[in-house]
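In: quick one, what's the 3D model for this:
(one chain, ligands or ions: 2)
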Amino acid sequence: MAIDTSRVLVTHEQIEEMLERLADQLNRDYAGKHLIVVGILTGAFIFTSDLIRRLTMPVTVDFMQVSSYVGELSTGVLKIKKDMSYDIEGKDVLIVEDIVDTGRTLALLMDMLAKRNPASLKVCTAFDKPARRVNSFVPDYNGLTVPDEFIVGYGLDLDGEYRNFDDIRIVRKV
Ligand code: IMP
Ligand code: MG
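Out: Ligands and ions are numbered 1, 2, ... in the order given. Just a heads-up that it's a prediction; the model follows:
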């Protein structure tokens, strides 16, 4: 079986527009504040680096690496491979994710981080796939809503590959 990635869903130009729109919202909402931006590795590394260069408030950048799996609990279990480096108590925190799919990872992560008592805790995702949601998680900032397709590029991978595409492509197994 071969992988076909020839179908472009989101062009590089559309990604640039999405970045400008999100940065405008964030620059307005966090004006006068110091923001801790936490990118979720590995998928969000490109989106995080593009987004932070459009932010005008003081920013501290950090990364976490997490994954969720469905064990005996239907809510899933969060595995932290790499925690962030800063203490977020009393701080304004923005989690930056590549895509929200079932919503399990972010629902679990938000619960865990809320216990560290940040002043505020919000999520900015590049892409949202609401058709696959298993809970009521809604991102605070969403770049683009995408259909129920497996997508790659702009940091998103299939088994570690295709993150380097500068647009978003739909994966077809042929
Ligand atoms: P969930 O929201 O907990 O289901 O998981 C979201 C994670 O699954 C994302 O951070 C991605 O790493 C991965 N993921 C979900 N959908 C896609 C996709 O279409 N392409 C690539 N990765 C995806
Ligand atoms: Mg991810």
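
In: CA only for contacts and neighbour counts going forward, please
Out: Fine.

In: in terms of helices and strands, where is the closest residue to Glu97 other than its chain neighbours?
Out: Using C-alpha to C-alpha, 6 or more residues apart in numbering and skipping residues adjacent in sequence, the residue nearest Glu97 is Thr125, 4.7 Å away. Applying DSSP states H and E as the criterion places Thr125 in strand 120-128.

In: up against ligand 1, what does the chain have?
Out: 43, 98-105, 149-152, 156-157 (C-alpha under 6 Å from any ligand atom).

In: tell me which two in those residues are the farthest apart.
Out: Arg104 and Val152 (19.7 Å; C-alpha to C-alpha).

In: can you give the contact residues for the longest strand seen in the chain?
Out: Using DSSP state E, we find that the single longest strand of the chain is strand 59-69. Contacting residues not belonging to strand 59-69 are listed as 34-42, 52, 76-86, 104-105 [C-alpha atoms under 8 Å, 6 or more residues apart in numbering].

In: who's in contact with the lengthiest helix in the chain?
Out: The residue-count maximum for a helix in the chain (DSSP state H) belongs to helix 12-29. By C-alpha under 8 Å, 6+ apart, the surrounding residues in contact with helix 12-29 are 50-51, 54-57, 141-144, 166-168.

In: now do that helix against strand 120-128, angle only.
Out: 170 degrees (axes from the mean of the first three to the mean of the last three C-alpha atoms, to 10 degrees).

In: how about helix 12-29: buried residues?
Out: Within helix 12-29, the residues that count as buried by 16 or more other C-alpha atoms under 10 Å are Ile15, Met18, Leu19, Glu20, Leu22, Ala23, Leu26.

In: which outside residues touch the helix or strand where Thr5 lies?
Out: Element membership for Thr5, per DSSP H and E: strand 3-10. Contacts to strand 3-10, defined as C-alpha under 8 Å, 6+ apart, come from residues Asp167, Ile168, Arg169, Ile170, Val171, Arg172, Lys173, Val174.
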